[in-house]
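J.: sequence plus the predicted model coming up.
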Amino acid sequence: MAYPHRNRTAARPDPSAPFPRTTSPRAASRTTLFSGALAAALTAALLHAPQAAAEPEPESQAPCVSDPEAPPKHQMRAEWIAGVYNIDWPTAQGQSPEKQQADLVDLYDEAVDNGLNAVFVQIRPTADAFWPSPYEPWSEWLTGEQGVDPGYDPLEFAVEEAHARNLEFHAWYNPYRVAMHNDLDALVEDHPARQNPDWIFEYGGLLYYNPGIPEAREFVIEAMMHSVENYDLDGVHFDDYFYPYPVADLEIPDEDTYAEYGSGFDDIGDWRRDNVDLMVKGMSDAVNDAKPHVKFGISPFGIWRNSNTDPEGSDTNGTQSYDNQYADSRKWVLEGWLDYINPQVYWEIGLPVADYSVLVPWWEEVASGTDTHLYIGQAAYKVGNAGAWQDPNELSSHLDFNKDYPGVHGDVYFSATSLRTNAQEAMEILVEDHYSHPALVPVKRDLGGTVPAPPRVSAGEGDGGTVLDIRPGPGEAPAYYAVYAFDGRPAPNQARCGIEDPRAMLGTVRADEDGSATFTAPAGSDTTYYVTALHRLHHESRASAPRYLP
């Protein structure tokens with residue numbers, strides 16, 4: 001079935017077409033792949049082993065009854081991995097490629113251990129690149145010196161390793177920030193900002209591309225799109241930086257630009273918002289035209305406007321992104337320009353000026369009736385701060401609250417380093433309370449896509465547990481598989497209703513280039529296994545035939 005996307009009529013290529021995949025590494029004990037001679041021998045043995053209940057049993061078509069205590073089967077669970085100032089990765093400038101790669105693998109493995117299913121990795125922190133871009137120089141956050149080749153392609157490595165662990169990879173860009181200093185001459189000589197100094201303004205000690213200059217706006221879209229067009233991304237992500245956050249007693253120096261380009265706008269604020277709108281819609285259209293299966297989302301500041309300023313605003317009294325960053329994030333949702341909105345609701349429950357329990361329902365209402373998914377940005381970096389954040393249960397309480405708001409499709413945590421340092425205990429509590437079972441990434445129906453055929457599965461005992469050898473059904477090879485287990489022999493409606501409860505899911509495993517995979521489940525007996533196939537947009541097939549091991 002085809003679905004309209006973002007109110008556009010452009011033809012949509014099949015998003016389930018084959019794409020590069022790598023063999024999954026160890027990642028986690030529940031999703032272990034085999035390779036080489038061992039895989040060949042194991043596959044041959046399993047394909048010829050006798051199997052009980054070789055075909056699915058007829059099932060009643062009575063409606064499935066869901067357990068209200070079951071956790072969500074589809075839920076975005078992600079973390080931000082920041083590159084600027086080496087917050088998360090790379091952990092320091094000038095490291096060897098081997099060290100950088102090992103550090104990222106560690107972060108990814110921790111993400112899997114925490115039950116996450118996606119990573120938002122910053123690949124363009126300051127008008128620079130974590131890939132060999134023909135538009136902008138190599139990032140200084142890689143080597144310590146802008147323009148210096150790090151000796152490998154960090155973006156290619158980051159995407160491949162994420163997919164190997166079946167993590168969605170969202171490439172995170174900062175559109176307009178040029179430098180964390182104000183010295184234009186400190187940039188490499190061929191930097192686009194030095195070649196086009198009229199595109200730049202200095203504000204608060206930093207350099208920015210001027211959003212009001214059409215050529216600058218078009219350039220940043222083109223520069224970012226190079227990575228979209230040349231890498232196997234799952235998402236394109238902006239954070240909250242558009243026009244810079246205000247500095248006291250300092251005006252943005254764009255009066256001359258407004259005089260030149262602001263015809264038709266009586267207010268400079270409206271003109272600035274329009275400039276940001278043009279960039280957001282321009283990027284949305286560019287992503288859709290190039291790769292319609294790639295999702296486009298933004299994580300704006302958590303308050304759009306306060307209700308005492310605008311009746312459509314939230315019952316809050318904080319900084320307003322509409323007026324301060326000129327980011328009309330509510331409009332982007334209502335206009336259908338985004339696949340997801342990920343507001344940074346970085347405040348505790350009960351904070352008078354910006355109450356988490358006020359903002360989440362407000363954002364749910366904004367997204368209601370649109371095709372835009374809502375994910376909540378969670379402030380893991382605040383855990384341990386004075387007040388409510390001293391309680392390590394605060395983050396888990398946020399997800400408890402979210403349960404009453406079905407329009408919330410998941411959460412994203414800032415940032416990866418916090419989850420292993422100040423927020424480690426808080427995350428352990430959250431995982432136990434909410435992420436003790438796997439979850440699939442939510443399906444965006446308006447992106448289209450197809451449902452794969454059920455896979456063919458053989459099962460037997462192998463080293464380390466029960467080994468499932470998985471082969472694709474007819475048609476396009478899937479991106480990955482989900483594995484389910486039940487005590488005892490196959491039962492009626494297990495393959496249709498039972499797999500809807502994620503507590504039966506053992507985990508997921510990425511498919512190889514030919515669509516095959518091997519999954520090792522914990523050793524056990526008297527167990528029935530089912531496997532489903534999923535394309536990259538997470539449409540799930542019917543279950544395979546049951547595989548029962550006495």
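T.: The structure has been received and is ready for your questions. Numbering: from 1, shown residues only.
J.: what about the helices in the chain?
T.: Assigned by DSSP state H, the helices in the chain fall at 36-47, 97-113, 140-143, 154-164, 192-195, 214-230, 255-261, 268-290, 321-324, 329-334, 356-367, 394-402, 424-434.
J.: any weak-confidence spans in this protein?
T.: The chain contains residues with pLDDT under 70 at 1-60.
J.: mind putting the helices of the chain into JSON lines with distance to residue 247 and mean neighbour count?
T.: Just so you know, the C-beta spots here come from the backbone N, C-alpha and C atoms, and that holds for glycine as well. Shown next, in JSON lines, are those (distance: least, CB to CB, whole Å; neighbours: other CB atoms under 10 Å):
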{"stretch": "helix 36-47", "distance to residue 247": "58", "mean neighbour count": "13"}
{"stretch": "helix 97-113", "distance to residue 247": "33", "mean neighbour count": "17"}
{"stretch": "helix 140-143", "distance to residue 247": "24", "mean neighbour count": "22"}
{"stretch": "helix 154-164", "distance to residue 247": "32", "mean neighbour count": "21"}
{"stretch": "helix 192-195", "distance to residue 247": "20", "mean neighbour count": "16"}
{"stretch": "helix 214-230", "distance to residue 247": "21", "mean neighbour count": "18"}
{"stretch": "helix 255-261", "distance to residue 247": "16", "mean neighbour count": "14"}
{"stretch": "helix 268-290", "distance to residue 247": "16", "mean neighbour count": "19"}
{"stretch": "helix 321-324", "distance to residue 247": "11", "mean neighbour count": "20"}
{"stretch": "helix 329-334", "distance to residue 247": "22", "mean neighbour count": "22"}
{"stretch": "helix 356-367", "distance to residue 247": "25", "mean neighbour count": "21"}
{"stretch": "helix 394-402", "distance to residue 247": "30", "mean neighbour count": "20"}
{"stretch": "helix 424-434", "distance to residue 247": "32", "mean neighbour count": "18"}
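J.: mind putting the ones you listed in CSV, distance to residue 302 included?
T.: Output for those, formatted as CSV (distance: least, CB to CB, whole Å):
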stretch, distance to residue 302
helix 36-47, 48
helix 97-113, 23
helix 140-143, 26
helix 154-164, 27
helix 192-195, 30
helix 214-230, 24
helix 255-261, 28
helix 268-290, 17
helix 321-324, 8
helix 329-334, 10
helix 356-367, 6
helix 394-402, 12
helix 424-434, 19
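J.: so which of those comes closest to residue 178?
T.: For residue 178, the closest of these is helix 192-195, at 5.0 Å, according to CB to CB.
J.: C-alpha coordinates for that closest one, PDB please?
T.: C-alpha atoms of helix 192-195 as PDB (Å, rounded to 0.1, in the frame of the first residue of the first chain):
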ATOM      1  CA  PRO A 192      33.400  28.100   2.200                       C
ATOM      2  CA  ALA A 193      33.000  30.700   4.900                       C
ATOM      3  CA  ARG A 194      36.400  32.300   4.100                       C
ATOM      4  CA  GLN A 195      35.600  32.100   0.400                       C
END
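J.: centre of the chain to it, how far?
T.: Between the centre of helix 192-195 and the centre of its chain there are 31 Å (CA atoms, centre = their mean, to the nearest Å).
J.: ok, stretch 419-434 next?
T.: The answer for stretch 419-434 is 19 Å, by CA atoms, centre = their mean.
J.: again, but for stretch 538-548
T.: Worked out by CA atoms, centre = their mean, stretch 538-548 lies 25 Å from the chain centre.
J.: and stretch 257-275, by the same measure?
T.: Relative to its chain's centre, stretch 257-275 lies at 33 Å (CA atoms, centre = their mean).
J.: for it, measure first residue to last.
T.: For stretch 257-275, the first-to-last residue distance is 11 Å (CA to CA, to the nearest Å).
J.: and for it, what's in contact with it?
T.: With contact meaning CB atoms under 8 Å, 6 or more residues apart in numbering, stretch 257-275 is reached by 210-214, 217, 243, 252, 254-255, 322-323, 326-328.
J.: wait, which of those residues is closest to residue 425?
T.: Closest to residue 425 out of those is residue 327 (33.8 Å), distances taken as CB to CB.
J.: quick check, that closest one in contact with residue 319.
T.: No: using CB atoms under 8 Å as the test, residue 327 is too far from residue 319 to be in contact (11.3 Å).
J.: neighbour count: those two, which is higher?
T.: residue 327 (26 against 16; other CB atoms under 10 Å).
J.: spit out the contact partners of that one.
T.: Contacts for residue 327 (CB under 8 Å, 6+ apart) come out as 240, 242-243, 273, 276, 300-301, 321.
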